[in-house]
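**Student:** sequence and predicted structure below; questions after.
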Amino acid sequence: MTASEQHRKQADTVHDPPRVRTVSDIAELASFYAEPPDGVRANMIYSADGAAVFGGRAGPLSSRTDQQLLKILRTFADVVLVGAATARAENYGPVQLSETQQAERQRAGKSKPPPIAVISQTGRLPTRLVSDPNQPPLLVTGAQSAALHDRSSDQLCGVLVAGEDTVDVAQAIALLRAHGLSRVLCEGGPTLLDELVDADVVVEICVTLAPKLAACQPVGNRRQPSRLALPAALRLEHALVCNDYLFLKYRR
């Protein structure tokens, strides 16, 4: 083989997408996610026929391994971002980490679990989310809702104002970054993910494909057309199989 042929073969190998491989357990699976991007990492689950929820929740599509991965992804994040509807549907509470996960964060210079930041047009947060005064959430809302929240709510939380009557998600990400929360883990729902993609702030998306059929499931309420001229291109980082679930990671 000539030097030129060897170079072409090496180049082809570099640009070949990762092959699908089977991983044995959550420890091996988690090792592929240990380098979070500086920016927004989205984590979503879909059924094999494309549904993002079943009965209004993502939980029925998930598995024990997928739930374990979700908690591990939180370990790597500075903040967990979620839409208010998803926070209510999934009964969100403060982030709970194992002793091992907390030790990993402390080694990385982070003394506390990441806060939950909820994007809400109304300024109302789920009761369970504000149950621990030592782990107050962040409310990300518009100026009008923030003013109403200050006057009428006794919920203990930080408030970030991003926009006037609606939330500007690009501004919200910029504000989180300004507060030192640059590694953002977005856990949905689909409406919030649409808005983040439309604002061109998603750096990485982790997709779990569930071996389930869910049929058409109404989800989201976004009515504005996308501002994207073309779909944003991504690079496949890995494709992993664990207990018939397919775990994909794409990066810009």
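**Tutor:** Thanks, I have the structure now.
**Student:** low-confidence stretches in the stretch 1-150 of the chain?
**Tutor:** For the stretch 1-150 of the chain, the stretches with pLDDT under 70 are 1-17, 149-150.
**Student:** in it, which spans are strands?
**Tutor:** Ranges of strands in the stretch 1-150 of the chain, per DSSP state E, counting those that start in this stretch, are 20-22, 40-47, 79-83, 116-119, 138-141.
**Student:** cool, and the stretch 151-252 of the chain?
**Tutor:** Using DSSP E, counting those that start in this stretch, strands in the stretch 151-252 of the chain cover 158-161, 184-186, 202-210, 235-242, 245-251.
**Student:** closest one to Leu175 among these?
**Tutor:** Closest to Leu175 of the strands of the stretch 151-252 of the chain, according to C-beta to C-beta: strand 158-161, at 4.9 Å. Bear in mind the C-beta positions are built from the backbone N, C-alpha and C, glycine included.
**Student:** and the closest one, which residues are buried?
**Tutor:** Applying a neighbour-count criterion of 16 or more other C-beta atoms under 10 Å, the buried positions in strand 158-161 are Val159, Leu160, Val161.
**Student:** so among those, where is pLDDT lowest?
**Tutor:** When these are compared by pLDDT, Val159 scores lowest at 90.
**Student:** I'd say that one and Thr141 touch.
**Tutor:** Yes: between Val159 and Thr141 a contact is recorded at 7.0 Å, counting by C-beta atoms under 8 Å.
**Student:** follow-up on the earlier one: just the buried residues of strand 158-161 now: which is nearest Gln121?
**Tutor:** So of these, ranked by how close each gets to Gln121 (C-beta to C-beta), first place is Val161, at 12.6 Å.
**Student:** surely Ala58 meets Ile45?
**Tutor:** Yes: judged on C-beta under 8 Å, Ala58 makes contact with Ile45 at a distance of 5.4 Å.
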